[in-house]
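S.K.: Can you look at this prediction? I've put the sequence above it.
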Amino acid sequence: QTVAAFHSLVGLAAMITSIGSHMMHPSAGTMHLTASLLGDFIGGVTLTGSLVAFAKLNGNMGSAPMNLPNKNLINAGMLAAQVGLGASFLAGGGMTELVATAALSSAMGVHLVGSVGGGDMPCCITVLNSY
């Protein structure tokens, strides 16, 4: 539980750092833009995924997996939207795409980790902790 709670702060820090870095250097090269985008995406998934893992382990959420209809299609759609946002951002976009990436990746974190049962939360935390 504690690892999940603290790791959510790591995700938040990654998002804030990535957005702040882009704000400080909006016309940086492709490598910097890619790093900002990926940090934002990974940070969002880590932030909300870790919070869901904490809530399941702490008993604030039920431990049963969230089974939405067509959940794999939802995941594929969110991934496709992320790819589109990333392409738009790298093609000259700005804060709009970066903030949309943060919001969508946060929703992905809730959905991806929420779809796993409570007994497997230590595995989810390990995966979230690995990047």
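M.R.: Sure, I can see it.
S.K.: Just want the most central residue of this structure.
M.R.: Geometric centre of the chain, nearest residue: residue 45, 1.6 Å, by CA atoms, centre = their mean.
S.K.: residues in contact with that residue?
M.R.: Residues near residue 45 by CB atoms under 8 Å, 6 or more residues apart in numbering: 11, 105-106, 108-109, 112, 128. Bear in mind the C-beta positions are built from the backbone N, C-alpha and C, glycine included.
S.K.: Export those to a markdown table and append columns for secondary structure.
M.R.: Formatted as a markdown table, the contacts of residue 45 follow (DSSP: H, G, I helix; E, B strand; the rest coil):
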| residue | secondary structure |
| --- | --- |
| 11 | helix |
| 105 | helix |
| 106 | helix |
| 108 | helix |
| 109 | helix |
| 112 | helix |
| 128 | helix |
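S.K.: Isn't residue 7 up against residue 124?
M.R.: No: counting by CB atoms under 8 Å, residue 7 stays clear of residue 124, with 10.5 Å between them.
S.K.: In terms of neighbours, single out the busier of the two.
M.R.: Using other CB atoms under 10 Å as the criterion, residue 7 and residue 124 rank with residue 124 on top: 23 against 20.
S.K.: Now for the more buried one: which residues touch it?
M.R.: Contacts for residue 124 (CB under 8 Å, 6+ apart) come out as 49, 53, 113, 116.
S.K.: Before I go, just wanted to say thanks for your time.
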